[in-house]
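In: Sequence and predicted structure below; questions after.
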Amino acid sequence: MKRQNRLIGEIIRRYRLKAGLSQMRLAELLGVTYQQIQKYESGKSSISVERLLQIADALSVPVTRFFPSEKEVISEWEEPYGELTTEEKRLVELFRKLGKTSRKALLELLEEINKK
């Protein structure tokens with residue numbers, strides 16, 4: 001059970017960061033202390049269904065996002081590149097706006113730069 005609590009906590013953390021919320025701000029939205037959010041995210045506290053619904057609402061995601069797939073439970077999924085910086089997030093946003101040809105050209109340019 002603790003393993004599942006930890007996994008759900010990690011998922012909550014991912015979505016909280018993606019939403020640009022601090023633990024303090026999420027705590028304020030839920031009417032709990034930021035320490036309680038820390039306990040949820042670390043898996044030290046179990047989360048009731050009611051609280052999970054509140055968290056989903058505060059983060060504007062479907063509650064089903066907090067239930068890890070079988071693959072995540074087995075592998076304990078991690079971000080492949082760690083936490084993205086603001087610059088990296090902006091690069092991804094801009095890259096996604098490019099057309100296929102521009103994406104290819106940009107990737108080729110970056111690969112050439114990295115060869116040096």
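Out: Cool, got the structure.
In: going forward, measure contacts between C-alpha atoms and count neighbours the same way
Out: Noted.
In: Show me which positions of stretch 36-52 end up buried.
Out: With burial defined by 16 or more other CA atoms under 10 Å, the residues of stretch 36-52 counted as buried are 37, 38, 39, 40, 41, 42, 43, 45, 46, 47, 52.
In: Would you mind giving these as a markdown table with secondary structure added?
Out: Shown next, in a markdown table, are the buried residues of stretch 36-52 (DSSP: H, G, I helix; E, B strand; the rest coil):
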| residue | secondary structure |
| --- | --- |
| 37 | helix |
| 38 | helix |
| 39 | helix |
| 40 | helix |
| 41 | helix |
| 42 | helix |
| 43 | coil |
| 45 | coil |
| 46 | coil |
| 47 | coil |
| 52 | helix |
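In: Where does the record place the domain boundaries for this structure?
Out: Annotated domains of the chain cover 2-75, 86-115 [automatic domain parsing].
In: Pipe those into CSV and attach mean pLDDT per row.
Out: Shown next, in CSV, are the domains of the chain (pLDDT from 0 to 100):
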stretch, mean pLDDT
domain 2-75, 87
domain 86-115, 86
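In: now, of those domains, which is deepest in the fold?
Out: Burial of those is given as mean neighbour count (mean count of other CA atoms under 10 Å); domain 2-75 ranks first at a mean of 16.
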